[in-house]
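K.L.:
just the structure for this:
(chains A and B)
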There are 2 protein chains.
Amino acid sequence: MNLEDPQTPFLALDPAIVAANAARLRHRLGATTLRLHVKTAKSVEVARLVQGREPGPVTVSTLAEAEAFAGAGYRDIVYAVGIAPGKLARVAALRERGVDLVVLLDSVEQAAAVAERGIPALIEVDCDGHRGGVAPDGPELLAVAGALRDVRGVLVHAGESYFADGDDALRAAAERERLAAVGAAGALRAAGFAAPVVSVGSTPTAHFAADLTGVTEVRAGNYVFFDLVMAGIGVCGVGDLALSVVVTVIGHRPDKGWILTDGGWMATSRDRGTARQRVDQGYGLVTDLSGAPHEDLLMTDASQEHGILSMRPGSDRPLPGLPVGTRLRVLPNHACATAAQHDRYHLIAPDGRGVAAVWERIRGW
Amino acid sequence: MNLEDPQTPFLALDPAIVAANAARLRHRLGATTLRLHVKTAKSVEVARLVQGREPGPVTVSTLAEAEAFAGAGYRDIVYAVGIAPGKLARVAALRERGVDLVVLLDSVEQAAAVAERGIPALIEVDCDGHRGGVAPDGPELLAVAGALRDVRGVLVHAGESYFADGDDALRAAAERERLAAVGAAGALRAAGFAAPVVSVGSTPTAHFAADLTGVTEVRAGNYVFFDLVMAGIGVCGVGDLALSVVVTVIGHRPDKGWILTDGGWMATSRDRGTARQRVDQGYGLVTDLSGAPHEDLLMTDASQEHGILSMRPGSDRPLPGLPVGTRLRVLPNHACATAAQHDRYHLIAPDGRGVAAVWERIRGW
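P.N.:
Numbers count the residues shown, from 1 in each chain, chains lettered A, B, ... in the order given. Presented below is the predicted three-dimensional model:
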């Protein structure tokens, strides 16, 4: 099988780029534990490509991911979404199977429900007002810890770093994340809690943190694939993008300057994350099937099963001549969202043309 | 099982509302054939709820849908996305099984490939510059027809009607759609092609067409569920929305006026279709688990597995007190996109609390 064979649209994944992205961050973090977030790839095979065959520490965004990784032998898992009490039975069932599954919470209500079952928890600490979490220096932190039986430590996610712009802003976001985590852990320890885990992370801050003093582990997930949003804030280059959507040309509208494809938002997702960046990439950058860019050609609009390609506004290049049937690749704004539209990856072989393997994705909750 | 039981987030579907939406359009169209577009529901069971047990004429957006419906006995299918030559083998295989699967195209290149296999086709005609299609009165129409062996007729989709605003604009969009279709069919017939099918449709135009003279069938799909975009342009009321996402409260940020839930964009999609309407509904309107509105409470932001609920800007109502563990429903911007994030529907029982059935969705391409 090669990239001309599967029915379009489908996901193409370049494992050589994944391996390079994995090695770069692994090298950068040195001895610090890297707890891979599997929410982007949702694939045990991709995790093995990143971490090696031996199950490593992972972060999950759903219990479906936790169950799939537990089934593959992973035993050290953090579920990094604030726990709903109705999910604790599934958490307990995994723990009974010998999985050290740790939950996240930020309220006394959650802590009481978790303590009742003897489940260990990380306390979510806020560093930038992005979503949940207690203040690193307020009374809630100790109140939540006091309601728990097993305070594993603290977890901070610098969600606002996805909107940072430039190296200085990214370094500042990373330091804010570290200070919140280390400060909260210090407050817990001063109050008598062991709180061994100090967990920070996001793809941007993991790549820009200048100091990890006091941090015990870093979480990141998007970096295994990267995407145009990450390229837009300077965390990677476009050449580091491992994931693309293969589409086929189905028509032309020369009067509009359009090429139509069979890849619409069902194939790319509705994510328009670069719309608020300095360079709006539409629904994605277009390359040929080998990955060579069609300069200035963007997927500019989408309906459910149609993509519209046109030249970047202001470009003086001509629309390339791409006959009906031509296969192209679209590099996505947001790898997590684009990958979620599909059930499997087609792995690009070393020759750049073959399909080396097909890997299934974990779905649902 | 009742709505408190399945793990959140999940899709709740009210079959009584689907049946009412189906009956309303069926009544409106009288004797005109209604070719249900199954791209929204992607479910044979939903099609049966709409059309009855006897397989009716359907429109599909993927060959996966065509294959699933063929497997359930449906024999009259239009694949309404411009055909890629690489998909013709699957089309031919379905036709060999006795399915009258008709393809869509708008170029001589496609017509030549289709004619080679003796597959019947509808010619896509443009009425509003929305995406593909030949002009209803230009030379391309006859050139495409001349390259085909079986010209089944013409198909027009007023895609711009999704952005129309108010009854007059919707009626005008419907009449533009009809005129393009009837005009093109007339041109084909004058040139000696039988062109028996004159197919028009979209959910907005199907509900606003004042005249269907010359039209042989109307296509619509979204109307079985409806959504906030359709309510925003006046095609339905919020009470006509059949689909919602059930989520659980997982936290609070009183300092921000936020309620956090376990339903992020993975559960709702990234579709923000109401952002360009007069009333921006964020990621959706929030109701309690029974469907009663929490007035002015919106899902205002989303990360992958987190939803943020807050009051509509300018509202003077207080944020409702909703403890951790409370289940809520979110009414979506765009039913097609939200449903696509899930693998199944949970059917709401007549008592409004039970789960009457679980129906799987068709996925992939």
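K.L.:
any weak-confidence spans in chain A?
P.N.:
When residues are selected by pLDDT under 70, none of them lie in chain A.
K.L.:
what's next to stretch A:18-25, contact-wise?
P.N.:
Residues from elsewhere that reach stretch A:18-25, judged by Cβ atoms under 8 Å, 6 or more residues apart in numbering or on different chains: A:34, A:46, A:49-51, A:206-207, A:220, A:223-226, A:236, A:240, A:242. (Glycine included, C-beta is placed from N, CA and C.)
K.L.:
in it, what's buried?
P.N.:
A:18, A:21, A:22, A:25 (16 or more other Cβ atoms under 10 Å in any protein chain shown).
K.L.:
just read off the phi/psi values of residue A:299.
P.N.:
Backbone torsions of residue A:299, given as degrees, to the nearest 10, read phi -80, psi 110.
K.L.:
what about the residue nearest to it when sequence neighbours are not counted, distance to chain B?
P.N.:
Nearest in space to residue A:299, with sequence neighbours left out and distances taken as Cβ to Cβ, 6 or more residues apart in numbering or on different chains, is residue A:283 at 4.0 Å. Distance from residue A:283 to chain B, counting by Cβ to the nearest Cβ, to the nearest Å: 11 Å.
K.L.:
residues in contact with residue A:283?
P.N.:
Counting by Cβ under 8 Å, 6+ apart, residue A:283 touches A:265, A:268, A:272, A:298, A:299, A:300, A:301, A:302, A:307, A:330, A:332, A:333.
K.L.:
still on that earlier bit, mind putting the buried residues of stretch A:18-25 into JSON lines with distance to residue A:67 and secondary structure?
P.N.:
Shown next, in JSON lines, are these (distance: Cβ to Cβ, whole Å; DSSP: H, G, I helix; E, B strand; the rest coil):
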{"residue": "A:18", "distance to residue A:67": "23", "secondary structure": "helix"}
{"residue": "A:21", "distance to residue A:67": "26", "secondary structure": "helix"}
{"residue": "A:22", "distance to residue A:67": "24", "secondary structure": "helix"}
{"residue": "A:25", "distance to residue A:67": "26", "secondary structure": "helix"}
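K.L.:
using CSV, write out every CA atom in the lengthiest helix in chain A.
P.N.:
If you go by DSSP state H, chain A has its longest helix at helix A:167-190. Provided in CSV are the C-alpha atoms of helix A:167-190 (Å, rounded to 0.1, in the frame of the first residue of the first chain):
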residue,chain,number,x,y,z
ASP,A,167,10.4,33.5,23.1
ASP,A,168,10.3,36.0,26.0
ALA,A,169,6.5,35.5,26.5
LEU,A,170,7.0,31.7,26.3
ARG,A,171,9.8,31.8,28.8
ALA,A,172,7.8,34.0,31.1
ALA,A,173,4.8,31.6,30.9
ALA,A,174,7.0,28.7,31.8
GLU,A,175,8.4,30.5,34.8
ARG,A,176,4.9,31.5,36.0
GLU,A,177,3.9,27.9,35.7
ARG,A,178,6.9,26.7,37.7
LEU,A,179,6.5,29.3,40.4
ALA,A,180,2.9,28.4,40.9
ALA,A,181,3.6,24.7,41.2
VAL,A,182,6.7,25.1,43.5
GLY,A,183,5.0,27.7,45.6
ALA,A,184,1.9,25.5,46.1
ALA,A,185,4.0,22.4,46.9
GLY,A,186,6.0,24.5,49.4
ALA,A,187,2.8,25.6,51.1
LEU,A,188,1.5,22.0,51.3
ARG,A,189,4.8,20.8,52.7
ALA,A,190,4.9,23.6,55.3
